[in-house]
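Engineer: Output the structure for:
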Amino acid sequence: MNSPRNTFQSGFSVVELMCSILVLGLAAAGVLGIFISQRKVFDAQEQIMEMNQNVRSAVDLMTREIRMAALNGVIAATSTMIRLRADLDQNGSITPDEDIAYSFDNNARQVSRATQDGVNSVVAENVTTFSLIYTMKDGTQTQTPGNLSQIRIVQISITAQTAHPDPSGQYRVMTLTSDITPRNMCL
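Structural biologist: You can find the predicted model right below:
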């Protein structure tokens, strides 16, 4: 005796399966697109944060050391370089590692710190412009002071950009300016 055949079969047809795969593929592509977009934004924000930290730490270091400049401690000064002597360890004497020069290298796009004992280090990278303006005892401002003992305020201005362009192809730029009054100068 033959059993009657059940014409109703459970499961998915090939067309239903293909439609399901297509919908899942589109959803996965959408999620992947959102992930990639968010990753690009995160990378751009990370570069901006790195640029901010780079410039702020350079200005902070320069500010601390210029403030500590000894009486008549500025030895050389131009619009892109300053050399000074500062008793950083406050022991009453200035050693070769306390004879410091900050300078800007336009080709390398960096600000460097060099000491007379031969220690050189980069304090800021991806710098597009760096300038020093000196306010003299009589209130005038100059980038090339004639009488270094007359310097009363040193203004630092650093403009830097991100190392890589953001998703729109643009570099983010930041300018930080600081006025520094050396504490140990005769006012």
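
Engineer: show me where the protein has helices.
Structural biologist: Chain-ordered helices for the chain, with DSSP state H as the definition, fall at 14-67.

Engineer: where in it is pLDDT low?
Structural biologist: Confidence mapping of the chain against pLDDT under 70 gives the ranges 1-9, 70-71, 184-187.

Engineer: what residue lies at the spatial centre of it?
Structural biologist: For the chain, residue 51 is the residue whose C-alpha lies nearest the centre (Cα atoms, centre = their mean; 2.3 Å).

Engineer: just the strands in this protein please.
Structural biologist: Taking DSSP state E as the test, the strands found in the chain are 69-77, 81-86, 99-105, 110-115, 120-125, 127-136, 141-142, 151-161, 173-180.

Engineer: For stretch 107-126, buried residues please.
Structural biologist: Residues of stretch 107-126 classed as buried: 109, 110, 111, 112, 113, 114, 116, 123, 124, 125, 126 (neighbour count, 16 or more other Cβ atoms under 10 Å). All C-beta spots, glycine's among them, are computed from the backbone N, C-alpha and C.

Engineer: Would you tell me which of the strands of the chain gets closest to residue 47?
Structural biologist: strand 151-161 (9.4 Å; Cβ to Cβ).

Engineer: so how far is the closest one off the chain centroid?
Structural biologist: Remark: strand 151-161 is offset 15 Å from the chain centroid, using Cα atoms, centre = their mean, to the nearest Å.

Engineer: And for stretch 63-80?
Structural biologist: Relative to the centre of its chain, stretch 63-80 is centred 23 Å away, using Cα atoms, centre = their mean.

Engineer: List the neighbours of it that are in contact with it.
Structural biologist: 82-88, 94, 99-101, 103-104, 106, 130-134, 143-145, 148-149, 151, 154, 156, 178, 180-186 (Cβ atoms under 8 Å, 6 or more residues apart in numbering).

Engineer: Which of the residues you listed are buried? Put it as a PyMOL command.
Structural biologist: The PyMOL selection below is limited to those of the contacts of stretch 63-80 classed as buried (16+ other Cβ under 10 Å):
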select buried, resi 82+83+84+85+86+87+94+99+100+101+103+104+130+132+133+134+145+148+151+154+156+180+182+185
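
Engineer: okay, the strands of the chain in CSV with distance to residue 167 next?
Structural biologist: Shown next, in CSV, are the strands of the chain (distance: least, Cβ to Cβ, whole Å):
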stretch, distance to residue 167
strand 69-77, 42
strand 81-86, 37
strand 99-105, 30
strand 110-115, 26
strand 120-125, 22
strand 127-136, 21
strand 141-142, 40
strand 151-161, 16
strand 173-180, 16
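
Engineer: This completes my enquiry, with thanks.
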